[in-house]
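In: Structure of the sequence below:
(one chain, ligands or ions: 6)
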Amino acid sequence: MAILSSPGPKIQLIAGVLLTTIPLWLLAWHFRVRNPLFVSRHIPIHNAWTVDREMFMHEWMGNQIGNPPNSSSVALLCGKADIKWQPNVVLDLDDANGGIGNVRGNIFDFLGLAILTGSSIMLPSFQSRSAEDLSALWNGKIPFDTFFDTEHFVSTFASACPKMDIYQPSTDHSLLPPLHNRYSMPSMRQDLHPESLGTENPNTPEAAVENFSHWLKAQPDYDAQKTSLVSVGRTLWEGLDTRALPSAVRRDFGNSLRLVPEVRRLAAIVTYNLARQYHIHTIDPRLPYYPSAFLGAHLRTEIDAKNAGWLNDEGAAAHANFTGQTDAYLSQAVERGLNVIYVASGNSSEISHFAQKAWSRHNFNVTSKASLLSDSDLEALNNLTWDQQGLVDYEVLRRSSYLAGFARSSFAFNIAITRNEFVGVNQEVLRRRPGDVRKEDVAFDDGISKIWGRFVWQEERMLRGAWP
Ligand SMILES: *[C@@H]1O[C@H](CO)[C@@H](O)[C@H](O)[C@H]1NC(C)=O
Ligand SMILES: *[C@@H]1O[C@H](CO)[C@@H](O)[C@H](O)[C@H]1NC(C)=O
Ligand SMILES: *[C@@H]1O[C@H](CO)[C@@H](O)[C@H](O)[C@H]1NC(C)=O
Ligand SMILES: *[C@@H]1O[C@H](CO)[C@@H](O)[C@H](O)[C@H]1NC(C)=O
Ligand SMILES: *[C@@H]1O[C@H](CO)[C@@H](O)[C@H](O)[C@H]1NC(C)=O
Ligand SMILES: *[C@@H]1O[C@H](CO)[C@@H](O)[C@H](O)[C@H]1NC(C)=O
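Out: Ligands and ions are numbered 1, 2, ... in the order given. The predicted structure is shown next:
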């Protein structure tokens, strides 16, 4: 195993950025002043006309939830005085799986356990989905950087959590064999399991730490003098109660799982092209979301959703199938007067079908990542796996004016939870509590995101258990 070190030369990077930024900024300023399109002299307009594509992408990528990174907020988790650090206990997340929503949930539960027990970790891996059968989720482990930015993750924890060592398998695969038994973490969610309080095994973070410590000492092949690798079974939103933590901690810990730069680059180009093609002047690449630009809709009708029975799901009856989802999403576009809809879907015929419907009913345009990319960018998109392509949508939807999603999907729900942070951070007055964002047939509605249908099992876990 090899310890990952902190990433490299920050000073050069900052100098490089400044040197390229200043001339571009001057050019943009010059252009804005001279451009007759922008009649207002008082509101500085910053968009795909006043900055060039490279600058737009640069600013877009530099603007991420949790930026600027604030390691002191993540350090609040790692710096607790009662954590007993045991660097030679290395936890390995054994079986994370699914799309980005579930994989994030699995990894954050795992990280919470690792931090509270003072353990080291293996850089988490997860299972891949089959390209031939999208319902087949167990196709072998794939590395962290299939979805996430390794350098960002490692540097976040190197500064905020210096006592947690992060290992990754070295190229010669000389891994330690794990302890024979696999560890299963009990839930830490007191709010989900109030009946457990006062029993021998209450569902609290403290009890989970005790549980792990007892379990480890009871393992016949555990030797405290040696490095031990411990396989940890996945849990989903059973870790820390995120709402019990300050917003800055939620945001910055959540931001440790930043998506890979290639995905973010493609999402930036998609957004730039979206603005240009549909003449949307309100997309400022420096904003965390664009209040009046486009509806971001997650059309979750692909074959795997159908196979899982989601499209005739009882809890979401009226909003479950293609008709139900698209009717609901169009109603949101009408409500906000958004005549451009960016649709996230892994099925091109479903996208065309929605586009026809939106145009024939309301003269709204529906567009998607594949139709907003061309040439080598489109080729780069097509080179990605189905789930990686979905990550491009994940990034674009995060910044949409109004998000439209379906309750069965943790993908849409997690984006809604992330966006709720903007509401909280920017306009404290609009801050909602989880209980305020549900309605009879709407799982989540905070004014900038609406998740249609109900899926109580997931709502209960995600509202307090999912990280922005
Ligand atoms: C960083 O987080 C800490 C702890 O939450 C907070 O006190 C501090 O104000 C934050 N700094 C910035 C620049 O947001
Ligand atoms: C740990 O928690 C699990 C699940 O609640 C329980 O079955 C097990 O007995 C606990 N182990 C110890 C050593 O407390
Ligand atoms: C795409 O949707 C069509 C129906 O519009 C369906 O026949 C097809 O199986 C779907 N394919 C995938 C990969 O989801
Ligand atoms: C879609 O769902 C609605 C509500 O359950 C139902 O009335 C309709 O027949 C369904 N449409 C299709 C094509 O299955
Ligand atoms: C919007 O959709 C209509 C109908 O498909 C199409 O004719 C029009 O060109 C689209 N608008 C843009 C800006 O692409
Ligand atoms: C796409 O993948 C092919 C085959 O691996 C490779 O030759 C090509 O350069 C890739 N294209 C882009 C734009 O990444």
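In: Can you read off the pLDDT for residue 174?
Out: Here, the pLDDT recorded for residue 174 equals 52.
In: make that residue 295, sorry
Out: pLDDT, residue 295: 98.
In: So what pairs up with it in the strands?
Out: Beta bridges link residue 295 to residue 341, residue 402, judged by DSSP bridges.
In: which residues does it contact?
Out: 329, 332-333, 336, 338, 340-342, 400-402, 404 (CB atoms under 8 Å, 6 or more residues apart in numbering). The C-beta positions use only the backbone N, C-alpha and C, and glycine is treated the same way.
In: Now the buried members of those residues.
Out: In the contacts of residue 295, burial by neighbour count holds for 329, 332-333, 338, 340-342, 400-402, 404, counting by 16 or more other CB atoms under 10 Å.
In: burial of whichever residue of the stretch 151-300 of the chain sits closest to ligand 6, as a residue count?
Out: Residue nearest to ligand 6 within the stretch 151-300 of the chain: residue 262 (8.5 Å; CB to the nearest ligand atom). Close neighbours of residue 262, defined as other CB atoms under 10 Å, add up to 17.
In: Same question for residue 381.
Out: Other residues close to residue 381 by other CB under 10 Å number 20.
In: Confirm that it sits in a helix.
Out: Yes: with DSSP: H, G, I helix; E, B strand; the rest coil as the criterion, residue 381 is located in a helix.
In: so what's it up against?
Out: Per CB under 8 Å, 6+ apart, neighbours of residue 381: 266, 369-370, 373, 389, 392.
In: ok, now how distant is it from residue 142?
Out: Residue 381 is 18 Å from residue 142, where distance means CB to CB, to the nearest Å.
In: And for residue 320?
Out: For residue 320 relative to residue 142 (CB to CB), the value is 30 Å.
In: Counting neighbours, go ahead and name the busier of those two.
Out: Legend: neighbour count by other CB under 10 Å for residue 320 and residue 142, higher for residue 320 (25 against 15).
In: what's the spacing between the more buried one and residue 309?
Out: Taken as CB to CB, the span from residue 320 to residue 309 is 9 Å.
In: rewinding a little: what's the closest of the buried ones among the contacts of residue 295 to residue 462?
Out: Distances from residue 462 to the buried ones among the contacts of residue 295, taken as CB to CB, are shortest for residue 404 (17.3 Å).
In: Surely that closest one is in contact with residue 294?
Out: No: if you go by CB atoms under 8 Å, residue 404 and residue 294 don't touch, sitting 10.9 Å apart.
In: Let me see the contact set for residue 311.
Out: Per CB under 8 Å, 6+ apart, neighbours of residue 311: 301, 305, 320-322.
In: can we see that at 6 Å?
Out: Residues in contact with residue 311, defined by CB atoms under 6 Å, 6 or more residues apart in numbering, are 320-321.
In: Confirm that it sits in a helix.
Out: Yes: under three-state DSSP, residue 311 sits within a helix.
In: how near is it to ligand 3?
Out: 11 Å (CB to the nearest ligand atom, to the nearest Å).
In: What pLDDT does the model give that residue?
Out: 92.
In: Just give the nearest non-adjacent residue to residue 90, would you?
Out: residue 120 (4.5 Å; CB to CB, 6 or more residues apart in numbering).
In: Burial check on that neighbour, number of neighbours?
Out: The number of residues near residue 120, taken as other CB under 10 Å, comes to 22.
In: can you check residue 127 too?
Out: By other CB under 10 Å, neighbour count at residue 127 equals 19.
In: which residues touch it?
Out: With CB under 6 Å, 6+ apart, residue 127 has these contacts: 97, 137-138.
In: Can you turn the buried part of those residues into a PyMOL selection?
Out: Buried subset of the contacts of residue 127, written as a PyMOL selection, criterion 16+ other CB under 10 Å:
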select buried, resi 97+137
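In: Among the contacts of residue 127, which one sits closest to ligand 1?
Out: residue 97 (32.5 Å).
In: element containing the closest one?
Out: Using DSSP states H and E, residue 97 sits in no helix or strand.
In: what's the neighbour count on residue 153?
Out: Neighbour number of residue 153 under other CB under 10 Å is 22.
In: contacting residues for it?
Out: For residue 153, counting by CB under 6 Å, 6+ apart, the contacting residues are residue 256.
In: what comes up buried for the strand or helix carrying it?
Out: Counting by DSSP H and E, the element that carries residue 153 is helix 150-160. For helix 150-160, the neighbour count (16+ other CB under 10 Å) marks 150, 152-158, 160 as buried.
In: can I assume residue 459 is in contact with residue 443?
Out: Yes: the criterion here is CB atoms under 6 Å, and residue 459 meets it with residue 443 at 5.2 Å.
In: of the two, who's got more company?
Out: residue 443 (28 against 19).
In: Where does that one sit: helix, strand or coil?
Out: strand.
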